[in-house]
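J.: sequence first, predicted coordinates after that:
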Amino acid sequence: MKTEISEAVKKYFSFYEKLTTAQFDYLVKSAYFVNFEKGQIIYSNENECLGVLVLFSGELRTYMTSYNGKEVTLYRTGSSDICIMSASCALKNISFDVTIEALADCAGLLIPITAFEKVMKENVYVENFAQAVALNKFSDVMWAMEQLLFSSFEKRLASFLYDESVKTKTMVIKLTHEQIARYISSAREVVSRMLKNFEKEGIVALSSGAIEVIDKEKLKKIVNE
């Protein structure tokens, strides 16, 4: 078990070569494998800081909730990605009330916040790594805000469908209208209405729980307009 954890730390954390032997051994000893079920809330501002999570499989959604209950998706974390917002309390000058939800059954490696924070305070390379990962995620957040504030809904939906098709390497997107609405911070009825328009234009074909992209070039054209 510890050998597997040791190899995972070396694979996913580029700072490992800058650790002292004692620091490396401490992280390996503290880290453990975790599993989360689809729909499980793995972190929120109401819970204690979790730690740094490496996702081996599955997908996470990080979102904010407004006072009236509306959810705004900030970004999604996929396989081989690092979830740093679950350790946001260890990052300087970051105050972010977010919720992290498992979109599918997930497996990963967790370095508890106490262990990660201790080594980060001792080793500047660990701190630099954490700040770099956080900065990358904030770029995703800014993109999400830009889409929400300045892009038409038609373009936002087209962009989501196009990106999802590229990411999953399939023309069939197995998501409900409700799920898509949550991901792009809209209402199910609005998503359904626009998807029907896309269907009339021959861009997609709708079925229960799935959307098939028929004309990817038309979709891309909307995105680039």
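T.: Yes, it's here. A quick note: this is a predicted structure, and the numbers were derived from the prediction, not measured.
J.: where does residue 211 land in three-state SS?
T.: Under DSSP: H, G, I helix; E, B strand; the rest coil, residue 211 falls in the strand class.
J.: quick check: closest non-adjacent residue to it.
T.: In space, residue 211 comes closest to residue 173 once its chain neighbours are excluded; the distance is 4.7 Å by Cβ to Cβ, 6 or more residues apart in numbering. Where you see a C-beta, it was placed from the backbone N, CA and C, and this is true even at glycine.
J.: wait, that neighbour sits on residue 163?
T.: No: between residue 173 and residue 163 there is no contact under Cβ atoms under 8 Å: 10.2 Å.
J.: okay, these two: which has more neighbours?
T.: residue 173 (19 against 11; other Cβ atoms under 10 Å).
J.: next, work out how far apart the more buried one and residue 179 are.
T.: Applying Cβ to Cβ, to the nearest Å, the value for residue 173 to residue 179 is 10 Å.
J.: roughly how far does the residue nearest to residue 211 sit from residue 145?
T.: Residue 173 is 24 Å from residue 145, by Cβ to Cβ.
J.: picking up where we left off before, residues contacting the residue nearest to residue 211?
T.: 161, 164, 165, 210, 211, 212, 213 (Cβ atoms under 8 Å, 6 or more residues apart in numbering).
J.: low pLDDT regions in this structure?
T.: 90, 92-96 (pLDDT under 70).
J.: which stretches of the protein form helices?
T.: Here the chain has its helices, by DSSP state H, at 2-12, 21-30, 113-122, 124-150, 153-168, 177-183, 188-200, 216-224.
J.: possible to save those as a markdown table with distance to residue 53?
T.: Below are those laid out as a markdown table (distance: least, Cβ to Cβ, whole Å):
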| stretch | distance to residue 53 |
| --- | --- |
| helix 2-12 | 10 |
| helix 21-30 | 13 |
| helix 113-122 | 10 |
| helix 124-150 | 11 |
| helix 153-168 | 20 |
| helix 177-183 | 20 |
| helix 188-200 | 29 |
| helix 216-224 | 31 |
